[in-house]
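S.K.: For reference, the sequence and a predicted model appear below.
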Amino acid sequence: MDAKAVQTLNFSGFTRPGNFEGRRTGFSLSRTGKPEMVRMSRRKMVHMEIACSYNNIPASILESGGHKFPLEEELILKNKSQQIQPYLNGRCIYVVGMMGSGKTTVGKIMSQALSYSFCDCDTLIEEEVDGNSVADIFKLYGESFFRDRETEALRKMSMMHKFVISTGGGAVLRPINWKYMHKGVSVWLDVPVDALAKRIAAVGTNSRPLLHDEAGDAYTAALMRLSSLFEERGEFYANANARVSLENIAAKLGRSDASDLSPTAIAIEALEQVDNFLKAEDGGYAR
Ligand SMILES: Nc1ncnc2c1ncn2[C@@H]1O[C@H](COP(=O)(O)OP(=O)(O)OP(=O)(O)O)[C@@H](O)[C@H]1O
Ligand SMILES: O=C(O)C1=C[C@@H](O)[C@@H](O)[C@H](O)C1
């Protein structure tokens with residue numbers, strides 16, 4: 001085997017209930033790069049070696065960790081979530097960030113990894129206002145009515161445990177909302193505004209009332225409005241306990257573009273930043 005074109009991950013330890021989602025089998029990549037099924041008993045010492053051999057990917061990329069394979073990302077995610085779970089102690093995670101920053105997409109991945117439930121605050125408000133969409137609530141009742149419902153939804157969620165909560169883009173604006181969100185751990189997904197504008201232009205602005213009235217082509221209109229919203233809100237997002245900067249992740253992975261990072265890679269960094277916060281609070285892990 002060409003040692004240069006191989007990356008190996010080793011995991012040893014006892015399986016715990018919940019590991020491998022209760023399945024008695026796991027996957028390992030064979031030396032040829034094909035996944036192989038591996039049988040495991042319910043609780044036993046396991047040693048898993050995952051060797052990835054991709055001849056067309058330069059060894060320098062594999063060795064620098066600049067390329068993450070989906071299976072590898074899944075294992076890192078699970079490992080990280082198991083590491084922080086005892087220190088989270090059931091506290092909820094609130095994901096904050098601009099419209100389109102991936103709070104729902106990344107939040108769902110985090111909730112699965114942590115075996116937490118997931119709640120989208122906008123959806124909760126829609127359910128509580130007779131199933132009206134956020135856009136319709138703005139139209140029918142106005143923004144301040146929506147903001148009051150948002151505060152009420154956060155108050156209710158602050159009494160829950162083991163939830164990842166994707167908040168609305170403007171939830172950071174009211175100090176009372178922070179009082180509720182600080183019952184848990186808050187994470188800011190900091191995504192460059194041009195990446196947000198690309199994502200939003202791709203799906204349209206119909207469901208996003210604060211962007212809907214802007215003139216011009218979809219990308220430019222979204223970019224202009226998002227830039228001015230970010231100028232007003234940047235300092236509020238920075239109240240979060242942990243910041244996940246897509247530009248920093250791209251730099252770590254040696255990528256030039258922060259807009260093509262996988263949601264799983266972003267979720268891993270989010271858990272990493274939560275871990276840093278937990279280590280720093282109240283004297284850290286020594287509680
Ligand atoms: N890492 C990513 N790379 C590319 N596209 C992404 C990524 N994460 C999310 N998206 C896409 O961006 C759009 C917005 O994502 P998502 O709904 O998760 O964001 P959000 O922060 O919850 O948005 P909002 O606050 O407006 O509801 C979706 O179309 C989603 O598929
Ligand atoms: O950024 C905002 O102010 C908003 C974001 C959405 O998630 C919705 O909560 C609503 O459209 C307002």
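M.R.: Great, that's in hand. Keep in mind that what you see is a predicted model, and the values were worked out from it rather than measured. Numbers count the residues shown, from 1 in each chain. Ligands and ions are numbered 1, 2, ... in the order given.
S.K.: in the stretch 1-150 of the chain, which segments are predicted with low confidence?
M.R.: Scanning the stretch 1-150 of the chain for pLDDT under 70 picks out the ranges 1-69.
S.K.: Would you state the helices of it in chain order?
M.R.: Remark: helices assigned in the stretch 1-150 of the chain by DSSP state H, counting those that start in this stretch are 59-64, 70-88, 103-114, 121-128, 134-141, 143-157.
S.K.: Can you lay out the ones you listed as CSV showing mean neighbour count and distance to ligand 1?
M.R.: (C-beta placed from N, C-alpha, C; glycine too.) Formatted as CSV, the helices of the stretch 1-150 of the chain follow (neighbours: other Cβ atoms under 10 Å; distance: least, Cβ to the nearest ligand atom, whole Å):
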stretch, mean neighbour count, distance to ligand 1
helix 59-64, 14, 20
helix 70-88, 17, 12
helix 103-114, 23, 3
helix 121-128, 18, 6
helix 134-141, 16, 8
helix 143-157, 17, 12
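S.K.: looking at the ones you listed, which is closest to residue 196?
M.R.: helix 103-114 (11.5 Å; Cβ to Cβ).
S.K.: Point out the other helices and strands that the closest one packs with.
M.R.: helix 70-88, strand 93-96, strand 117-120, strand 163-166, helix 263-280 (3 or more Cβ pairs under 8 Å, 6 or more residues apart in numbering; DSSP states H and E).
S.K.: domain assignment for this structure?
M.R.: Per automatic domain parsing, the structural domains of the chain span 3-67, 82-286.
S.K.: and these as JSON lines, adding distance to ligand 2?
M.R.: Converted to JSON lines, the domains of the chain look like this (distance: least, Cβ to the nearest ligand atom, whole Å):
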{"stretch": "domain 3-67", "distance to ligand 2": "31"}
{"stretch": "domain 82-286", "distance to ligand 2": "2"}
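S.K.: give the contact list for the residue sitting nearest the centre point of the chain.
M.R.: Central residue of the chain (Cα atoms, centre = their mean): residue 106, 3.0 Å from the mean position. Residues near residue 106 by Cβ atoms under 8 Å, 6 or more residues apart in numbering: 95, 189, 263, 266-267, 270.
S.K.: Got phi/psi on residue 243?
M.R.: Residue 243 adopts backbone torsions of phi -120, psi 130, taken as degrees, to the nearest 10.
S.K.: I'd say residue 237 and residue 188 touch.
M.R.: Yes. The criterion here is Cβ atoms under 8 Å, and residue 237 meets it with residue 188 at 4.6 Å.
S.K.: Tell me which of those two has more neighbours.
M.R.: Neighbour totals were compared for residue 237 and residue 188, and residue 188 leads with 26 against 19 (other Cβ atoms under 10 Å).
S.K.: Could you confirm the more buried one falls within a strand?
M.R.: Yes. Applying DSSP: H, G, I helix; E, B strand; the rest coil, one finds residue 188 inside a strand.
S.K.: How about it, nearest residue that isn't a chain neighbour?
M.R.: residue 240 (3.8 Å; Cβ to Cβ, 6 or more residues apart in numbering).
S.K.: tell me, how many neighbours does that neighbour end up with?
M.R.: Neighbour count of residue 240, defined by other Cβ under 10 Å: 24.
S.K.: With residue 115 instead?
M.R.: There are 12 residues near residue 115, going by other Cβ under 10 Å.
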